[in-house]
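Peer 1: Next comes the sequence, and after it the predicted model I'd like to discuss.
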Amino acid sequence: MLSDLPLFPKQASSMAWQVDALYLFLVALSAVMSLLIAGLLLTFAVRYRAKSRADRSNAPEGNNTLEMIWTLIPLGIVMFIFTWGAGLYFHMARPPEDTMDVLVVGKRWMWKLQHLSGRREINELHVPVGRAVKLTMTSEDVIHSFFVPAFRVKMDVLPGRYSTVWFKPTRPGTYHLFCAEYCGTKHSQMIGSVVVMQPDDFQAWLGGDVSDLTPAQAGERLFNSLGCITCHNPGSGARGPALTGLFGRQVRLAGGSAATADEIYLRQSIEDPRAMQVEGFEPLMPTYRGMISEEGMLQIIEYIKTLGPGPSAGAAPSAAQPARGGGS
């Protein structure tokens, strides 16, 4: 086990051993190939040195069989590595359906985290053992990188964009959390920990002393305070498209194209409504770029996710209805 060596962190997630297995295979393959090449070089250097008595007559000019062998075998090895690595990448990039979601905002020089129950943390993340956890992350300022060596997960956290990473802890304990992207003078101090707890202990911690609103509740409050409900109410006279049941659906856009209403779509629609104008609505929505913090943006998106099912977003108005204004 690589985690038994002092140079390697513990394997504390379901994918850690898979990453280590691929890494160990690459190291072993590199060692074997290095020894083979070095051995052949040494053998030929000694056997065919200038004063050796080796027979140099009738030297072959080529060997097609040998050339095919040393072409196809490396090709097969490379394709095997590619297939293995691609499979592991897709596994890491696609979180399961039943994840526990946590919102993360990177800021010089701290990690701000919030559970969907409302519990907030700074530079510390509590999670239950045996439960898949998905982090939705963004940055308030510069590029950061969320890195937990024991879980073998690392993901860049970018300003103005959302990135996700997931892991499934397998061993209770406290594990190091680092920012792995140089982000300024105090980059080395942007550290924290991930605390993996037994499920009962985690539930007790999660339910204790929760005074904050949940992200969805805070998003609803911000949504109403900004006046968004004025245009995006579910009534027939709304000037913007209804948001009920919007998240995850296909939205028809002006010009005939379509987009999936995911986090990226919602964020862009709030910051630049004209770029994602919904079919059948006039571009009357103002931009909210710079008016909403990163935490606020995540909270509004979480609120939209909680809205119940409704009519398909972006449906064109009937002939009896005039075109109305709207963005997202």
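Peer 2: On my side now, so go ahead. Numbering: from 1, shown residues only.
Peer 1: can you give me the helices in this structure?
Peer 2: Under the criterion DSSP state H, helices of the chain are mapped to 16-47, 64-93, 199-206, 215-225, 228-231, 263-271, 294-306.
Peer 1: Next, the buried residues of the shortest one.
Peer 2: Of the residues in helix 228-231, those scored as buried under the neighbour-count criterion (16 or more other Cβ atoms under 10 Å) are C228, C231. Backbone N, C-alpha and C define where each C-beta goes, glycine included.
Peer 1: Let me know the distance separating V102 from W111.
Peer 2: Distance of V102 to W111, given as Cβ to Cβ, to the nearest Å: 11 Å.
Peer 1: Overlap in contacts, those two.
Peer 2: L125 (Cβ atoms under 8 Å, 6 or more residues apart in numbering).
Peer 1: any weak-confidence spans in the protein?
Peer 2: Of all residues in the chain, those with pLDDT under 70 make up the ranges 1-6, 209-211, 235-238, 308-328.
Peer 1: So for V102 and W111, which residue has more residues nearby?
Peer 2: W111 (24 against 20; other Cβ atoms under 10 Å).
Peer 1: Contacts only, for that one.
Peer 2: Taking Cβ under 8 Å, 6+ apart as the test, what W111 contacts is V104, V105, I122, N123, L125, F146, L177, C179, M190, G192.
Peer 1: Swap in 6 Å and give it another go.
Peer 2: By Cβ atoms under 6 Å, 6 or more residues apart in numbering, the residues touching W111 are N123, G192.
Peer 1: Bridged to it, which residues?
Peer 2: For W111, the beta-bridge partners under DSSP bridges are G106.
Peer 1: gap between it and Q189?
Peer 2: Plainly put, W111 is 12 Å away from Q189 if you go by Cβ to Cβ.
Peer 1: likewise E294?
Peer 2: For E294, the distance to Q189 - Cβ to Cβ - is 21 Å.
Peer 1: Tell me which of those two has more neighbours.
Peer 2: The residue with more neighbours, out of E294 and Q189, is E294; 22 against 12, by other Cβ under 10 Å.
Peer 1: Hmm, the more buried one is touching S139, no?
Peer 2: No. Contact criterion Cβ atoms under 6 Å: E294 and S139 do not qualify, at 7.2 Å.
Peer 1: quick one on the thing from earlier: any idea which of the helices of the chain is most buried?
Peer 2: helix 294-306 (a mean of 22; mean count of other Cβ atoms under 10 Å).
Peer 1: Could you chop the chain up by domain?
Peer 2: 2-41+61-93, 100-206, 215-325 (automatic domain parsing).
Peer 1: which residues in the stretch 101-250 of the chain form strands?
Peer 2: Secondary structure of the stretch 101-250 of the chain (DSSP state E, counting those that start in this stretch): strands located at 110-115, 120-122, 124-128, 133-139, 144-148, 153-157, 163-167, 173-179, 191-197, 250-252.
Peer 1: hey, which of these is tucked in deepest?
Peer 2: strand 144-148 (a mean of 24).
Peer 1: quick one: it to strand 153-157, angle?
Peer 2: Per axes from the mean of the first three to the mean of the last three Cα atoms, to 10 degrees, the angle that strand 144-148 makes with strand 153-157 is 170 degrees.
Peer 1: Now do strand 144-148: everything it contacts.
Peer 2: 106, 154-157, 175, 177-181, 183, 194.
Peer 1: So which of the strands of the stretch 101-250 of the chain is nearest S57?
Peer 2: strand 153-157 (58.3 Å; Cβ to Cβ).
Peer 1: Give me the distance from the closest one to the chain's centre.
Peer 2: 7 Å (Cα atoms, centre = their mean, to the nearest Å).
Peer 1: which other helices and strands contact that strand?
Peer 2: strand 144-148, strand 163-167 (3 or more Cβ pairs under 6 Å, 6 or more residues apart in numbering; DSSP states H and E).
Peer 1: Let's have those strands in a markdown table, adding distance to T244.
Peer 2: Shown next, in a markdown table, are the helices and strands packed on strand 153-157 (distance: least, Cβ to Cβ, whole Å):
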| stretch | distance to T244 |
| --- | --- |
| strand 144-148 | 33 |
| strand 163-167 | 24 |
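Peer 1: Can you say which of these is nearest to R249?
Peer 2: Closest of the helices and strands packed on strand 153-157 to R249 is strand 163-167, at 19.2 Å (criterion: Cβ to Cβ).
Peer 1: The closest one packs against which elements?
Peer 2: Using 3+ Cβ pairs under 6 Å, 6+ apart: strand 163-167 touches strand 133-139, strand 153-157.
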